[in-house]
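In: coordinates only, sequence not included:
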């Protein structure tokens, strides 16, 4: 604002020199009014800029994160919240991470315009710097734009997080159900301690994948045990077996430990299955016996029908005897005396 005063004064002196005569003296009040109006307008604009950005500019100047007035005006024109940018830069400068991560105002503006959370990113970088975790601005901004909470990821890297398996907030099940080889069911509840793997946070699998893999590993380990008593005696064998599988591969977390929080004996699934199988075998045997009995009854009825048929054939054959004797009488092949002798011999 104050840089405009020398050109204005020079221009006004030139005008006074040109219109200083008798002919131009009448224009002098008009020129003076115009100059006063311009000065008032410049003063109002300056007061408005000072009222809008003066406090922020002074704060940045006193903190060592100097930003010019033109940059502040440009941020306003680009619809960037200048207060957020300045406070983030001051925060990084005071924490001593500005020189390590090259946190310029333009980079912060670019991340803000891309929809990122600038204060959250700066806080994450500061937390990582305090914990000696390598995290630059580009990686932190990428994690933030990917939809992950970068500050929570850094905190989880410093202070490992405990995940329940199964998680009651994600599933209605309270225990993992697994069956040993002897058929006894075991109900297990575990706690998985993980910390964030910043190198695989972008594109890595989430907590749901870790929970699913741990549950699968526990069920497999219990299922490979010969007896549930072996698992009850040494529950840590499950933890070791699951950790050796490398379940945190391609995930956003690194598994620190897997601890068995609770283990209970459930039903004897094997005995129940064998009982159900025996009952099924009994029902099958009864069905087969009933089928054989029905076949025997049907065969008996067939035999009775066959006897009736044979008897009818005998009756038919006996009915043909008188016909044959009558035919023999008519043909003279047999006489009455022969027939009487034959009948007597037959009666004798």
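Out: Perfect, thanks for sending it. Everything quoted here is computed from the prediction, not taken from an experiment.

In: now do the contacts for the most centrally placed residue in the chain.
Out: Nearest to the mean C-alpha position of the chain, by C-alpha atoms, centre = their mean, lies residue 208 at 4.8 Å. Taking C-beta atoms under 8 Å, 6 or more residues apart in numbering, we find residue 208 in contact with residue 170. Heads up, the C-betas are built off the backbone N, CA and C, glycines and all.

In: residue 273 contacts residue 185, doesn't it?
Out: No. Contact status for residue 273 versus residue 185: not in contact, 11.2 Å apart, counting by C-beta atoms under 8 Å.

In: of the two, which one has the most company?
Out: Set residue 273 next to residue 185 and count neighbours by other C-beta atoms under 10 Å: residue 185 wins out with 19 against 12.

In: where do the helices sit along the stretch 151-300 of the chain?
Out: 207-223, 228-233, 236-243, 269-331 (DSSP state H, counting those that start in this stretch).

In: save the ones you listed as TSV, and put in distance to residue 156 and mean pLDDT too.
Out: Output for the helices of the stretch 151-300 of the chain, formatted as TSV (distance: least, C-beta to C-beta, whole Å; pLDDT from 0 to 100):
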stretch	distance to residue 156	mean pLDDT
helix 207-223	10	84
helix 228-233	31	79
helix 236-243	19	79
helix 269-331	38	84
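
In: the nearest residue to residue 193 once chain neighbours are set aside - how many residues pack around it?
Out: Spatial nearest neighbour of residue 193, chain neighbours left out: residue 256 (4.3 Å); criterion: C-beta to C-beta, 6 or more residues apart in numbering. Using other C-beta under 10 Å, residue 256 is surrounded by 15 other residues.

In: quick one: pLDDT of residue 256?
Out: If you check residue 256, the pLDDT there is 84.

In: and for residue 47?
Out: Looking at residue 47, its pLDDT is 61.

In: now swap in the one 10 residues further on and tell me
Out: pLDDT, residue 57: 71.

In: OK, contacts around it?
Out: 67, 69, 72.

In: gap between it and residue 103?
Out: Look at residue 57 and residue 103: by C-beta to C-beta, to the nearest Å, they are 18 Å apart.

In: so how far is stretch 219-235 off the chain centroid?
Out: 28 Å (C-alpha atoms, centre = their mean, to the nearest Å).

In: please, which helix or strand holds residue 37?
Out: Here residue 37 sits within helix 28-63, counting by DSSP states H and E.

In: for the contacts of residue 57, pick the one with the most neighbours.
Out: That'd be residue 72 among the contacts of residue 57, by other C-beta under 10 Å, with 23 neighbours.

In: pretty sure that residue contacts residue 82?
Out: Yes. Residue 72 lies in contact with residue 82 (C-beta under 8 Å); the separation is 5.2 Å.

In: got the confidence number for residue 252?
Out: The per-residue pLDDT of residue 252 was computed as 83.

In: equivalent analysis for residue 124, please.
Out: Looking at residue 124, its pLDDT stands at 90.

In: next, the contact list for it, please.
Out: 135, 140, 143, 144, 150, 151, 153, 154.

In: what sits closest to residue 123 if chain neighbours are left out?
Out: Per C-beta to C-beta, 6+ apart, closest to residue 123 is residue 151, 5.2 Å.

In: I'd say that neighbour and residue 125 touch.
Out: No. Look at residue 151 against residue 125 with C-beta under 8 Å: they stay out of range, at 9.3 Å.

In: more neighbours: the two, which one.
Out: In this view residue 151 and residue 125 are compared by other C-beta under 10 Å, and residue 125 has more residues nearby, 29 against 22.

In: any idea how far the more buried one is from residue 72?
Out: Residue 125 is 23 Å from residue 72, by C-beta to C-beta.

In: what of residue 30?
Out: In terms of C-beta to C-beta, residue 30 sits 36 Å off from residue 72.

In: residues near residue 262, how many?
Out: When neighbours are counted by other C-beta under 10 Å, residue 262 comes out with 12.

In: how about residue 77?
Out: Using other C-beta under 10 Å, residue 77 has 8 neighbouring residues.

In: coming back round to it: quick one: closest of the helices of the stretch 151-300 of the chain to residue 199.
Out: Nearest to residue 199 among the helices of the stretch 151-300 of the chain is helix 207-223 (16.2 Å), distances taken as C-beta to C-beta.

In: next, the angle from that closest one to helix 236-243.
Out: 130 degrees (axes from the mean of the first three to the mean of the last three C-alpha atoms, to 10 degrees).
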